[in-house]
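Novice: Kindly return the folded structure for what I paste below:
(2 chains)
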Amino acid sequence: MPGGRTTNVAALTRKQRAGLWLIVPAALWLLIFFVIPFYSLLATSLFDPNGSVLTGYDVAWHFANFGNAISNYWPEIVRSFLYAGIATIICLVLGYTLAYAIAFKAGKWKTVMLVMVIAPFFTSFLIRTLAWKLILGDDGWVVNTLQTLHFMPQGGRILATPVAVIAGITYNFLPFMILPLYTSLEKMDPKLLEAAGDLYANPFQAFFKVTWPLSIPGVVGGTLLTFIPAAGDYINAALLGSPNERMVGNVIQSLFTTQGDYAQAGALSVVLLVIIVALVMLYVRRSGSEDLL
Amino acid sequence: MVKFGRWIGSHLVMTLGLLVLLYMYIPNVIVAMMSFNDATGARNLYRFQSFTWDNWLHPCAPAGMCASVTTSIQIGLIATVGATILGTLAAFGLVRHRFTGRGAMNIVLFLPMATPEIVMGSSLLALFIAAGLGGHLGFWTILVAHIMFCLSFVVVTVKARLSGMDENMEKAAMDLYANEWQTFWRITFPLVFPGVLSAALLSFSLSFDDFIITNLNSGQTVTFPMYVWGAAQRGVPMQVNVIGTMMFLAALTAVIIGEVGARRRAKLVASR
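Specialist: Next up is the predicted model:
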């Protein structure tokens, strides 16, 4: 093959430059439609709230928008993080069980089970959430069974309560928990568990001393991928809840689309994002997995 | 005691895991069942009345529903092609080349997956309004948004495939006097293709299913999820469940074909 060391070096720098060019289109797209919009959002959140779509808006450095957004919608903000937090914990318990079963117990059925985790999600998110409305409905099986067993008073409801909303969120974001958990469990060497057993650890000790610590990257990844979208979700609250279960997402959506109060909506979006970023940083630091980000 | 523990370890976990899996399928079963529901004259649309084939025979009966499906498929296909091309190129750039700012680029490409949709959607709307496009929201603004949020998923998927790949195969091809172009099309691309394909499938399903971002940036254009959302306020026509079941079956078929293809290829390689 013609060419010695010199052409190789030239090819290398050419290759590096080519690498940069490969990324430029995607980077530009994200710059224009993901990064710059954050500046627009920040500007929107500082609009003079007296503007309107017709008269136009001014960036009036109206910092009061933030205070107003927080004081007006404090209950919704707290509720969003509460519901998202509870749903994330339930997702972790359910998701860990399934991910563990697939990673260690499924044998040759591994791929099939993984595909089965993803498959239900090809039916539209909204349609599946509407199906829960039917399942949890006032004369649905769940309520009927609970009432027959006297776990629930006659006339009691699940639909339009926090239980329904949290159940919906749990269901909808479960795969976001399972996949990262599976990935980190799959990397684990099963021999480590055998070794723990040989050293007289009972299965519970083996789990908490070996499996769990090794799966922390998956746990952190999964909880973040569940918690973040769950905190901003409004579909579950809108379809399965009542106005008493409104979350921040519902407020932002209606401020933007029906009320046309862009200033307040922008401010509330910024507040949501800031709280999420703060929580995520705190969480990642405490769990000691900064290198994940 | 230890024996009992072992039994728990081997059977209980799998049983519980299967129960979780079963739970994930409950809504799909309901959707499939409701696609055969005869809801004519029903007061409560969230209840099974009687069996009928009508919904499957006339899936387009509800006004505007199939038009919304067409819109969603159009947007989904274009967004998939766009995001898959941009994302695959970027994944190659990130895995195969070292340059300054690579770490930062990795983070920027990851961020859209970690941002709540409502924030992404509202900031994009803020940009469109600031750019004076507030009155021109529609097909193109939806498309731009969809390519944006699919991109990260494509990059992550293709990157995973690429970084698990053995570069020695390409070096071997080069040693056997294949030029860069031949090496790429004969060796690299076939090896990466499954990753690209699953990225494309993921993009399409993300785009087809998106509601939160689309709803904020759609103007008068109605995608399928927006149709369902609008219908949910009045009472969902049962044909919506037909579309839902069809999507599920189509995706399942695509995945199975892909899996069978992969196994056959693996066997071919092994038998050589």
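Novice: which stretches of chain A have low pLDDT?
Specialist: Applying pLDDT under 70 to chain A flags the ranges A:1-17, A:49-60, A:288-293.
Novice: Just the pLDDT for residue B:269.
Specialist: pLDDT recorded at residue B:269 is 70.
Novice: cool, residue B:1 as well?
Specialist: Here the pLDDT value assigned to residue B:1 is 56.
Novice: Tell me the helix or strand right after the helix or strand hosting residue A:163.
Specialist: Residue A:163 is located in helix A:162-186, with elements delineated by DSSP states H and E. For helix A:162-186, the following helix or strand on the C-terminal side (DSSP H and E) is helix A:190-198.
Novice: residues touching the one residue in the stretch 151-293 of chain A that gets nearest to chain B, list them.
Specialist: Taking C-beta to the nearest C-beta as the measure, the point where the stretch 151-293 of chain A comes nearest chain B is residue A:232, at 2.5 Å. Placement of C-beta: from N, CA and C, glycine included. When the contact criterion is C-beta atoms under 8 Å, 6 or more residues apart in numbering or on different chains, the partners of residue A:232 are A:80, A:248-249, A:272, A:276, B:116-119, B:212.
Novice: what residues are up against the residue nearest to residue A:102 when sequence neighbours are not counted?
Specialist: With C-beta to C-beta, 6 or more residues apart in numbering or on different chains as the measure, residue A:113 is the residue that lies nearest to residue A:102, at 4.8 Å, once sequence neighbours are left out. Taking C-beta under 8 Å, 6+ apart as the criterion, residue A:113 is in contact with A:101-102, A:106, B:21.
Novice: Dump those residues into TSV; add distance to residue A:196, secondary structure and neighbour count as well.
Specialist: Conversion of those to TSV gives the following (distance: C-beta to C-beta, whole Å; DSSP: H, G, I helix; E, B strand; the rest coil; neighbours: other C-beta atoms under 10 Å in any protein chain shown):
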residue	distance to residue A:196	secondary structure	neighbour count
A:101	19	helix	24
A:102	21	helix	25
A:106	21	coil	18
B:21	27	helix	19
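Novice: from the residues you listed, which single one is nearest residue A:25?
Specialist: Checking those against residue A:25 with C-beta to C-beta, the nearest one is residue A:102 at 36.3 Å.
Novice: got the contact list for that closest one?
Specialist: Residues near residue A:102 by C-beta under 8 Å, 6+ apart: A:110, A:113-114, A:117, A:182, B:17.
Novice: Next, count neighbours for residue B:101.
Specialist: Counted by other C-beta atoms under 10 Å in any protein chain shown, the residues lying close to residue B:101 total 11.
Novice: okay, now residue A:188: neighbour count?
Specialist: If you count neighbours by other C-beta under 10 Å, residue A:188 ends up with 16.
Novice: Now it: phi and psi?
Specialist: Recorded main-chain torsions at residue A:188 are phi -70, psi 140, according to degrees, to the nearest 10.
Novice: Now do the contacts for it.
Specialist: Contact partners of residue A:188, counting by C-beta under 8 Å, 6+ apart, are A:103, A:211, A:214-215.
Novice: And for residue B:208?
Specialist: With contact taken as C-beta under 8 Å, 6+ apart, residue B:208 is in contact with A:124, B:72-73, B:76, B:224, B:247.
Novice: which residue packs closest to the closest residue to chain B within the stretch 51-200 of chain A, ignoring adjacent ones?
Specialist: Ranking the residues of the stretch 51-200 of chain A by distance to chain B (C-beta to the nearest C-beta) places residue A:101 first, at 2.8 Å. Spatial nearest neighbour of residue A:101, chain neighbours left out: residue B:17 (2.8 Å); criterion: C-beta to C-beta, 6+ apart.
Novice: Help me confirm that the one you found comes into contact with residue A:98.
Specialist: Yes. Using C-beta atoms under 8 Å, residue B:17 is in contact with residue A:98, at 4.5 Å.
Novice: quick revisit: need phi/psi at the residue nearest to residue A:102.
Specialist: Main-chain torsions, residue A:113, degrees, to the nearest 10: phi -70, psi -40.
Novice: quick revisit: looking at residue B:17 and residue A:98, which one has more neighbours?
Specialist: Applying other C-beta under 10 Å to residue B:17 and residue A:98 shows that residue A:98 carries more neighbours, namely 29 against 24.
Novice: If we go by neighbour counts, what in whichever helix or strand the more buried one is part of is buried?
Specialist: When elements are defined using DSSP H and E, residue A:98 is found to belong to helix A:64-100. Of the residues in helix A:64-100, those scored as buried under the neighbour-count criterion (16 or more other C-beta atoms under 10 Å in any protein chain shown) are A:65-66, A:68-69, A:73, A:76-77, A:79-81, A:83-88, A:90-92, A:94-100.
Novice: roughly how far out does that helix sit from the chain middle?
Specialist: Distance, stretch centre to chain centre, for helix A:64-100: 10 Å (C-alpha atoms, centre = their mean, to the nearest Å).
Novice: Likewise for stretch A:245-258?
Specialist: Taking C-alpha atoms, centre = their mean, the mean C-alpha location of stretch A:245-258 is offset from the chain mean by 18 Å.
Novice: got a list of contacts for that stretch?
Specialist: Surrounding stretch A:245-258, the residues in contact under the criterion C-beta under 8 Å, 6+ apart are A:73, A:76-77, A:79-80, A:83, A:160-162, A:164-165, A:231-234, A:237-238, A:261-262, A:264-265, A:268-269, A:272, B:116, B:118, B:122, B:125, B:212, B:215-216.
Novice: List just the nearest of the contacts of residue A:188 to residue B:179.
Specialist: Each of these was checked against residue B:179 using C-beta to C-beta; the closest is residue A:103, at 42.2 Å.
Novice: residue contacts, the spatially closest residue to that closest one that is not a sequence neighbour?
Specialist: Of all residues beyond its chain neighbours, the one nearest residue A:103 is residue A:185 (3.8 Å), with distances taken as C-beta to C-beta, 6+ apart. Residues in contact with residue A:185, defined by C-beta under 8 Å, 6+ apart, are A:99-100, A:103-104, A:211, A:215, A:218.
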